[in-house]
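Engineer: Next input, structure requested:
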Amino acid sequence: MVKRRRGSRLASRARRSLRPSDRFEALVQRALEGIPPPFDRALEDVAIVIEDWPSREQLSLGERGRDIDAYDLYGLYEGTPRTEWGADLVPFPNKITLFRVPLLEDFTSDADLQDEVRRTVLHELAHHLGIDDDRLTELGID
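Structural biologist: A predicted model of the protein is given here:
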């Protein structure tokens, strides 16, 4: 559920013009279309949302005991992982939010941005499937 530190953060903090949102949405769509079976079926149970920045509430959902900077968060999974679903579970919406501005500011080339959007989608989808950050690190997918 937490952020990953990558990208050219120091060089990119200065404001620059952002790519139009429809181009960013196309990158997200490409990442979603590239998810292989059987994992692509998990997308049926989760909404994909694009926001410019995380809310205060979303920032508070990060690592326990650590303040999260809005620039540190590229994506966030909110919901109940599939591994915790049970017969008595009341269905709440599951959501993956991608944060456009931190991604655009940290990844200036289209190729790097496309790669990171894909990595972020896969990272958050893994949380939906019940895989935590420690296991993602073990798998080399952090």
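
Engineer: Could you measure from the residue nearest the centre of the chain over to P37?
Structural biologist: The centroid of the chain falls nearest to G75 when counting by CA atoms, centre = their mean (2.6 Å). Between G75 and P37 the distance is 22 Å, computed by CB to CB, to the nearest Å. The C-beta positions use only the backbone N, C-alpha and C, and glycine is treated the same way.

Engineer: do L139 as well
Structural biologist: As judged by CB to CB, L139 and P37 stand 19 Å apart.

Engineer: State the pLDDT value of the residue nearest to the centre of the chain.
Structural biologist: We have a pLDDT of 94 for G75.

Engineer: ok, the nearest residue to it once chain neighbours are set aside - how many residues close by?
Structural biologist: Nearest residue to G75, sequence neighbours excluded (CB to CB, 6 or more residues apart in numbering): T120, at 4.1 Å. Counted by other CB atoms under 10 Å, the residues lying close to T120 total 24.

Engineer: wouldn't T120 be in contact with L73 here?
Structural biologist: No - if you go by CB atoms under 8 Å, T120 and L73 don't touch, sitting 9.7 Å apart.

Engineer: Identify the residues contacting stretch 127-142?
Structural biologist: Defining contact as CB atoms under 8 Å, 6 or more residues apart in numbering, one finds that stretch 127-142 is touched by 1-2, 4, 39, 42, 45-46, 77, 79, 81-84, 94, 96, 119, 122-123, 126.
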